[in-house]
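Trainee: Can you look at this prediction? I've put the sequence above it.
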Amino acid sequence: MPVIFTNETSVAEERARNGWEARQVHVAAADGVPVLQYMYKDVMDNYNSTFYTYSNGDILFTDTLINTLLYVRNSSLNLDKPVLMVGKRSNVLNVTESKAPTWGNINKMAEERGKLFTGWAEDNFITTRSFPWNGIAEVVIGRRAYDNWLVYYSRKSKHTVIDSTKTLLAAHQTTKAGNREGHGHKNKD
């Protein structure tokens, strides 16, 4: 089940009409920005699943997400041990609701005008239930290098880290604001 973390009633109501569970952001850092580990722990406490995913709200997925997760689930990988999957996003300019109603349309847009972004910017993280969120620093989403730190921590801890770039399309709806919005915040670090 998709879950959105928001304290905005209108967003929660809109998502609920589309089958999402809306949950309150209970633990936030400066400026009300959610702390990543607490969102994961909240969902893990309330839903039983093989995989748990965080994604920025401006990322569109297709059936490649489902296919990638099925492949990993059916592989010989031991999912009782911590696993982190990340990948590069494909920046796609001018995505509109009318241009992206189907997976096929999203795939086509990404193929025709998408551009893979740097490997230093991960916008989605897929983990197993055994991923040690209790031991993770209280990093907040959308700030510089929190994503890189998470990959570094996982590799240093000898967790399985998977680059899903070649199998999972993460289409980033790129706007005029660009690709480094987190760098402009007063508490960017």
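Mentor: That came through fine. Numbering: from 1, shown residues only.

Trainee: From here on, just use CA atoms for contacts and neighbour counts.
Mentor: OK.

Trainee: R155 - how many residues pack around it?
Mentor: 13 (other CA atoms under 10 Å).

Trainee: With adjacent residues omitted, what lies nearest to it?
Mentor: Excluding its sequence neighbours, the residue lying closest to R155 (CA to CA, 6 or more residues apart in numbering) is V161, at 6.6 Å.

Trainee: Beyond the helix or strand containing that neighbour, next helix or strand please.
Mentor: According to DSSP states H and E, V161 maps onto strand 160-163. The helix or strand immediately downstream of strand 160-163 is strand 170-174, counting by DSSP H and E.

Trainee: so what does that next one touch, helix or strand wise?
Mentor: Using 3 or more CA pairs under 8 Å, 6 or more residues apart in numbering; DSSP states H and E, the elements in contact with strand 170-174 are strand 59-61, strand 90-93.

Trainee: Of these, which stretch is the most buried?
Mentor: strand 90-93 (a mean of 21; mean count of other CA atoms under 10 Å).

Trainee: nearest residue to N105 other than its sequence neighbours?
Mentor: K99 is the one closest to N105 (CA to CA, 6+ apart), at 6.7 Å.

Trainee: Now do that neighbour against N7, distance only.
Mentor: Look at K99 and N7: by CA to CA, to the nearest Å, they are 29 Å apart.

Trainee: R73 now?
Mentor: R73 is 33 Å from N7, by CA to CA.

Trainee: Show me the shaky parts of the chain.
Mentor: Within the chain, the segments meeting pLDDT under 70 span 27-30, 175-189.

Trainee: Run through the helices of it in chain order.
Mentor: Along the chain, the segments classed as helices by DSSP state H run 9-17, 36-46, 63-73, 103-113, 146-156.

Trainee: Count the neighbours of A110 for me.
Mentor: Using other CA under 10 Å, A110 is surrounded by 23 other residues.

Trainee: Good, we can wrap up now.
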